[in-house]
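> structure of the sequence below:
(chains A and B, ligands or ions: 2)
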Amino acid sequence: MPEPLGFLSAAGEVVRDLPDFARDGDTLRALYSAMARARTFDAKAIALQRTGRLGTYASSLGQEAIGVGVTSAMTDADVFLPSFREHGGQLWRGVTLVELFLYWGGDERGNDFAGPRQDFPVCIPVASQFPHAAGVALALQQKATTGVAVAVGGDGATSKGDFYEALNVVGAWDLPAIFVINNNQWAISVRRTDQTRARTLADKAVAAGIPGEQVDGNDVIAVREATERALRRARDGEGGTLIECVSYRLGDHTTADDASRYRDDAEVSPHWKAEPLIRLRNHLVANHGWRKDDEQALLRTTGDEVDKAAETYLAVAPEPARAMVDHLYATPPADLAALAEELGDG
Amino acid sequence: MAEHTMIEAVRMALGRALEEDPDVILFGEDIGIDGGVFRATDGLIQRHGSARVRDTPLSETVIAGMAVGAAAAGLRPVAEIQFMGFLYSAIDQLANHAARLRNRTRARLTCPMVLRAPYGGGIRAPEHHSESAEAMLAHIPGLRVVIPSSPARAYGLLLAAIRDPDPVVFLEPKRLYRAISEDVADSGEALPIDAAVVLREGTDLTLVSWGAMLTETKAAADTLAADGVSSEIVDLSSLKPIDRRAVRASVEKTGRCVIVHEAPLTAGLGAEIAADLAEHCLMSLLAPVRRVTGHDTVMPYPRLERRYMPSTERIVRTAQEVMEFA
Ligand SMILES: Cc1ncc(C[n+]2csc(CCOP(=O)(O)OP(=O)(O)O)c2C)c(N)n1
Ligand SMILES: [Mg+2]
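Residues are numbered from 1 along each chain as shown, chains lettered A, B, ... in the order given. Ligands and ions are numbered 1, 2, ... in the order given. Predicted coordinates:
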């Protein structure tokens, strides 16, 4: 079985010729900062949830390289369709911290992004975003744009018919779509190895007749490089790609989960050595003059930014009750118009 | 004007939509060169090309889910589910996505899609090919569910559904596909989508029905008329939202109501209408609201299907009981 595509070892040594973008210090610093920002957001979200100020939240701890790597390869012409665990990707696309807090705080306005207007909101029903991505890709193809639909789902999601059925139509119609699997080894309490006997999840592309590639999902360079290649293929009319990003879920499934019920610390701790930030930091220190000051300044600015966003979110008043009617149809039917009046502006 | 069957009217509306809006795209199983198993799309691939009239792989999840994505990304998909019995796996996409996208993004993304499906029994089709599951769909907030009762109404309502900015499930009573012809002009004119229509005015009794059951309902009204009972026939037409005002107005006039549907009794739409009348028209009612429906059984195989579906006789008998009550 071939090794997953990787450029940096867990310790940050270069193990394969770097792609051009990864020779550029500014690019690598931007990727590193984005992952750090996602992690800071993550910690804040958990803290808010623990103190009753945010709803149930799905942490991306340890998987930041996936969302950031994938979206850093995308352009504004593309459409991102995330699962519920790709905050780093959404942030890179331009969704704001306040919007993310609003969404996880239980306010639909968090999905009304000011930024990437064409991107989908997170998808809670597992794997159901993959058929959407096929449809978005169809629209992009039909309208002769260069755009590509990029959906992310989990390892568990690859067991659903939605995933296979959508992957199949991507293959059959040469749709410009990329399906990214965040293989974090767990679907709540079910191990990747109990999910399927498939050798790799990338192998599932075989049945759809499209390329499938396994990459080190903790190596942001590898994730971005694989995504760039897949995007190029899609833009050249060569159709879709399945990318499996091998990673590990360092946290609980969500804040409503207690992972100690089904896995030991002894299993988790080695994975801390392979997480995505350390290796890129080591690489930056060794090759691009990243110093302690830079690190501290980054943590300070992201910390301040996230704290400020949380305060802004907490100060946002809920919508009036009639909002549940106002956005259901373009024009509310008679019954609902009456209900809106009844619910009122309070 | 020329006479057309319902299937021709559907095809005319689809062709018209493809012509007038370059964003309209049709997809489904066997809708291309085969023209759909009922021929609703016959000839459209030749006229509009295989990019806009597409045979999908065999996946209802993809048909519905891809319609959601395509609609959100700027197309106007009109997708076909071959038979309503195979629509259940698409309900996930309808309920969890199509019906919610506008609301959950505060209208940043919307879902102007139509999912067409032939529904209902009476054509001696194999099992799973005769279901009437409209109530399951009418339960979903954010969706529209529309059922035409004639060729002209099919034409006008389908155009309305395609032009609507929100998702519409368009259920075609397949028993009527070729049963009746009437004048249909390819005028491009849509009919009001959320409205019930009074097909026949009357004074003694309101008969509420939709789709193919209007055939038996009209026949029952004829029989009752011979006995001197004047029936008003309301074609509900929109099952989500329900035009409650139209039903109430009719029952306030007649004081009596019988609801007729092919779907099973329990939790069928007749229950919703009866409850609405109980809540709003109690003082106008002269007799209990009654329902004549399919049984609470699985749709039987063809040899028994006529025993399942409401017959003209059952409707007449129930109406007579209502008339005898008061
Ligand atoms: C269709 C569906 N079934 C069940 C759930 C409940 N659920 C939420 S996340 C999850 C596990 C998902 O695992 P995976 O796809 O690996 O994604 P991860 O959470 O690990 O990112 C389950 C069972 C759901 N959201 N959707
Ligand atoms: Mg997982």
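> so what's the residue of the stretch 101-250 of chain A found nearest ligand 1 bridging to?
Nearest residue of the stretch 101-250 of chain A to ligand 1: A:Gly154, at 2.1 Å (CB to the nearest ligand atom). All C-beta atoms are positioned from the backbone trio N, CA, C, and that covers glycine. In this entry, A:Gly154 is beta-bridged to A:Asn182, by DSSP bridges.
> contacting residues around it?
A:Gly154 makes contacts with A:83, A:85, A:126, A:181-184, A:187, as judged by CB atoms under 8 Å, 6 or more residues apart in numbering or on different chains.
> so B:Gly270 sits against B:Arg291, correct?
Yes - the criterion here is CB atoms under 8 Å, and B:Gly270 meets it with B:Arg291 at 4.0 Å.
> need the overlap of contacts for the two.
Here B:Gly270 and B:Arg291 share the contacting residues B:259-261, scored by CB under 8 Å, 6+ apart.
> find the centremost residue of chain A, please.
Note on chain A: the residue nearest the mean C-alpha position is A:Glu86, at 2.2 Å, using CA atoms, centre = their mean.
> so what's the residue count around the nearest residue to that one once chain neighbours are set aside?
Excluding its sequence neighbours, the residue lying closest to A:Glu86 (CB to CB, 6 or more residues apart in numbering or on different chains) is A:Gly67, at 3.9 Å. The number of residues packed near A:Gly67 is 31, by other CB atoms under 10 Å in any protein chain shown.
> and if you look at the one 3 residues further on?
Per other CB under 10 Å, the neighbour tally for A:Val70 reads 33.
> can you check A:Val95 too?
For A:Val95, the count of nearby residues is 24 (other CB under 10 Å).
> quick one: residues contacting it.
A:113, A:115-116, A:119.
> state the helix or strand in which it lies.
Remark: A:Val95 resides in no helix or strand, with elements defined by DSSP states H and E.
> quick one: it and ligand 2, what's the gap?
In this structure, A:Val95 and ligand 2 are 22 Å apart, going by CB to the ion, to the nearest Å.
> repeat that for B:Ile242.
Distance from B:Ile242 to ligand 2, counting by CB to the ion: 42 Å.
> for that residue, phi and psi?
In terms of degrees, to the nearest 10, the main-chain angles of B:Ile242 are phi -90, psi 140.
> other SSEs contacting the host helix or strand of A:Glu311?
Using DSSP H and E, A:Glu311 maps to helix A:292-315. Packing contacts for helix A:292-315, counted by 3 or more CB pairs under 8 Å, 6 or more residues apart in numbering or on different chains; DSSP states H and E, involve helix A:25-50, helix A:97-104.
> what do you get if the cut-off is 10 Å, keeping everything else the same?
Packing partners of helix A:292-315 (3 or more CB pairs under 10 Å, 6 or more residues apart in numbering or on different chains; DSSP states H and E): helix A:25-50, helix A:97-104, helix A:276-287.
> for A:Met74, which of those is the nearest?
Checking the helices and strands packed on helix A:292-315 against A:Met74 by CB to CB gives helix A:25-50 as the closest, at 12.9 Å.
> okay, the angle between the closest one and helix A:292-315?
Here the directions of helix A:25-50 and helix A:292-315 differ by 40 degrees (axes from the mean of the first three to the mean of the last three CA atoms, to 10 degrees).
> buried set for helix A:25-50?
By 16 or more other CB atoms under 10 Å in any protein chain shown, the buried positions in helix A:25-50 come out as A:27-29, A:31-32, A:34-42, A:44-46, A:48-49.
> with stretch A:173-188 instead?
Neighbour-count burial for stretch A:173-188 [16+ other CB under 10 Å]: A:173-187.
> what does stretch B:258-271 give?
Quick answer for stretch B:258-271 (16+ other CB under 10 Å): B:258-264, B:268-271.
> still on that earlier bit, now tabulate the contacts of A:Gly154 in a markdown table and tack on pLDDT.
A markdown table is the format used below for these (pLDDT from 0 to 100):
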| residue | pLDDT |
| --- | --- |
| A:Ser83 | 98 |
| A:Arg85 | 98 |
| A:Val126 | 96 |
| A:Ile181 | 98 |
| A:Asn182 | 98 |
| A:Asn183 | 98 |
| A:Asn184 | 98 |
| A:Ala187 | 96 |
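> what residues does the stretch 201-346 of chain A put near chain B?
A:208, A:319, A:323-336 (CB under 10 Å from any CB of the partner chain).
> ok, then the element right after the one helix or strand in chain B whose mean pLDDT sits lowest?
The helix or strand of chain B with the poorest confidence is helix B:302-308; it has a mean of 92 (mean pLDDT, DSSP states H and E). Proceeding C-terminally, helix B:302-308 gives way to helix B:312-325 as the next helix or strand, assigned by DSSP H and E.
> related to what we said a few turns ago, any chance of the helices and strands packed on helix A:292-315 in TSV, with distance to B:Ala220 and mean pLDDT too?
Shown next, in TSV, are those (distance: least, CB to CB, whole Å; pLDDT from 0 to 100):
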stretch	distance to B:Ala220	mean pLDDT
helix A:25-50	60	98
helix A:97-104	53	97
helix A:276-287	71	98
